[in-house]
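Undergrad: next input, structure requested:
(one chain, ligands or ions: 1)
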Amino acid sequence: MFRLNNVKYKHILAIETLEIGNQQTTGIVGESGSGKTTLVKLLNKMISPTSGDVFYEETPLKDLNSIEHRKEVTMLPQQPVIFEGSVKENLLFGIRFGEMPIPENSELMDLLKKVNLNKSLEDMADKMSGGEKQRLALARVLLLKPKVLLLDEPSSALDESTEDIIIRLVMDYAKILNMKVIMITHSMNIAKTYTEEIIEIKDGKVKK
Ligand SMILES: Nc1ncnc2c1ncn2[C@@H]1O[C@H](COP(=O)(O)OP(=O)(O)OP(=O)(O)O)[C@@H](O)[C@H]1O
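TA: This is a model prediction of the structure:
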């Protein structure tokens, strides 16, 4: 799915070769500051390498339009962005931006239930807790049904049992929608439990 060839990003990453295959779930594991987020940002063209090439399905990312690419390969950042306004407005933000058909309220409510968010569509999103905001942001990306979902430490604002429920839910949902998931986590245990292939990053390099 992705291939990196002699990729450098500033002094942060130096990856000679890396293949992320077509498996459904991939884990990216490494210590804090090792370069995991930077690697994932390269995959959806949020940033471009200082040198070297990133390929998506054999096409160099530098030849792809960033906005179009990010519709296919969508990232849920560690700190979710929540806008002033209702839960519904927040859910529909990406849909409107991508000029996609607006879903029925019933689909939105189903999704809220799926991500364990006990709120109504009219509730104000900026009044919610950190963990609730993260689940809302997750619902928003799931609604976009990207081909590849990049999750940056999806559980950082969640307690352990919610974390488990949410990761399992994303993985199940991804399977149903045939969505590939690349998930950053600091925990080798989480990676082993939920992902088929694990990439370890240490000091900006892939650990062999
Ligand atoms: N735009 C930037 N300019 C300079 N340094 C940066 C930039 N972005 C990140 N860094 C630094 O690069 C290193 C790797 O950061 P990155 O966010 O990729 O790590 P991470 O493995 O995702 O860490 P964490 O698990 O704590 O989120 C860190 O030392 C960080 O401070």
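Undergrad: gap between the helix or strand hosting Ile182 and the chain center?
TA: Remark: Ile182 resides in strand 180-185, with elements defined by DSSP states H and E. For strand 180-185, the separation from the chain centroid amounts to 6 Å (computed by CA atoms, centre = their mean, to the nearest Å).
Undergrad: helices and strands around that strand, which ones?
TA: strand 25-30, helix 36-43, strand 148-152, helix 160-177, helix 188-194 (3 or more CB pairs under 8 Å, 6 or more residues apart in numbering; DSSP states H and E). Any C-beta I mention is one placed from the backbone N, CA and C, and that applies to glycine too.
Undergrad: lowest average pLDDT across the ones you listed?
TA: With a mean of 84, helix 160-177 has the lowest mean pLDDT of the helices and strands packed on strand 180-185.
Undergrad: and that one, what's buried?
TA: 162-163, 166-167, 169-171, 173-174 (16 or more other CB atoms under 10 Å).
Undergrad: where exactly do the helices run in the protein?
TA: 36-43, 66-72, 87-97, 105-114, 130-143, 160-177, 188-194 (DSSP state H).
Undergrad: what's the closest of those helices to the ligand?
TA: Across those, the ligand has its closest neighbour in helix 36-43 (3.3 Å, CB to the nearest ligand atom).
Undergrad: relative to strand 148-152, how tilted is that closest one?
TA: 160 degrees (axes from the mean of the first three to the mean of the last three CA atoms, to 10 degrees).
Undergrad: Arg168 reaches Ile190, doesn't it?
TA: No: Arg168 is not in contact with Ile190 according to CB atoms under 8 Å; the separation is 10.7 Å.
Undergrad: tell me the mean pLDDT over stretch 44-61?
TA: Across stretch 44-61, pLDDT averages out at 97.
Undergrad: just give the nearest non-adjacent residue to the residue of the chain positioned farthest from its centre, would you?
TA: The outermost residue of the chain relative to its centre, with distances by CA atoms, centre = their mean, is Glu122 at 25.9 Å. With CB to CB, 6 or more residues apart in numbering as the criterion, Glu122 has its nearest non-adjacent residue at 5.3 Å, and that residue is Ser86.
Undergrad: list the contacts for the residue farthest from the centre of the chain?
TA: The neighbourhood of Glu122, defined by CB atoms under 8 Å, 6 or more residues apart in numbering, consists of 86-88.
Undergrad: which non-adjacent residue is nearest Lys175?
TA: That would be Gln24: by CB to CB, 6+ apart, it lies 6.5 Å from Lys175.
Undergrad: can you say which two of the buried residues of helix 160-177 are spatially most distant?
TA: Pairwise distances across the buried residues of helix 160-177 peak at 18.1 Å for Thr162 and Ala174 (criterion: CB to CB).
Undergrad: switch the helices of the chain over to TSV; also include distance to the ligand.
TA: Shown next, in TSV, are these (distance: least, CB to the nearest ligand atom, whole Å):
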stretch	distance to the ligand
helix 36-43	3
helix 66-72	17
helix 87-97	23
helix 105-114	26
helix 130-143	15
helix 160-177	15
helix 188-194	13
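Undergrad: surely Lys192 is in contact with Met183?
TA: No: Lys192 is beyond contact range of Met183, at 12.0 Å (criterion: CB under 8 Å).
Undergrad: what's the overlap in contacts for these two?
TA: In contact with both Lys192 and Met183: Gly27, using CB under 8 Å, 6+ apart.
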